[in-house]
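>>> Quick one: sequence plus predicted model below, questions after.
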Amino acid sequence: MSNNPLKTIEGYSRFVAELLDHARVENSTVTVWSVSKYTGIAEGEVFLTDEYRLRMREEIDFDEGVIASYGYEVYRGDERLYWYDDFPHPNDQSLASTHPHHKHVPPDIKHNRIPAPGISFSRPNLPLLLQEIEELTGLKADG
């Protein structure tokens, strides 16, 4: 039996629910649903203290146990602070180490990209994303 929560919709739904069931999360609209027997979507927002929120969308291949595509955006209030996406930029050698994963950061957030070493297709990204926001807010990872 696999320990990979991305292998079943039930496993990933439970993983997300348990991860978001902590004091540091004020509210969440994240939902995981199936598109077919083998694919699904995880989508919604996670609201944390100090007006921080994570907006996420993942397309999941449960048959392969991978995230097929994703988009993650972090806001404070209405200001988008940064985002991650998997759109390939093969001609940008500064991103080669984590291709296609990268993070858009200020200044010129649309065009300023840096490598994203912790982001993956083969394991859930939500724990890393929440930890990153906690570091911004000063919250502790254990809730």
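Yep, that arrived.

>>> so what's residue 12 up against?
Residues counted as contacts of residue 12 (CB atoms under 8 Å, 6 or more residues apart in numbering) are 5-6, 32, 40, 42, 60, 62, 124. Heads up, the C-betas are built off the backbone N, CA and C, glycines and all.

>>> Where does it fall, secondary structure wise?
helix 9-20 (DSSP states H and E).

>>> on that earlier part again, tell me which of the contacts of residue 12 fall in helices.
Judged by DSSP state H, helices contain none of the contacts of residue 12.

>>> Dump the residues you listed to CSV, plus pLDDT and neighbour count.
Output for these, formatted as CSV (pLDDT from 0 to 100; neighbours: other CB atoms under 10 Å):
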residue, pLDDT, neighbour count
5, 96, 22
6, 97, 24
32, 97, 20
40, 97, 22
42, 98, 23
60, 98, 28
62, 97, 22
124, 97, 19
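
>>> What separation do you get for residue 71 and residue 61?
As judged by CB to CB, to the nearest Å, residue 71 and residue 61 stand 16 Å apart.

>>> follow-up on the earlier one: not counting the helix or strand that the helix holding residue 12 is followed by itself, show me its contacts.
Under the assignment DSSP H and E, the closest C-terminal helix or strand after helix 9-20 is strand 25-28. By CB under 8 Å, 6+ apart, the residues outside strand 25-28 that reach it are 20, 44-49, 130.
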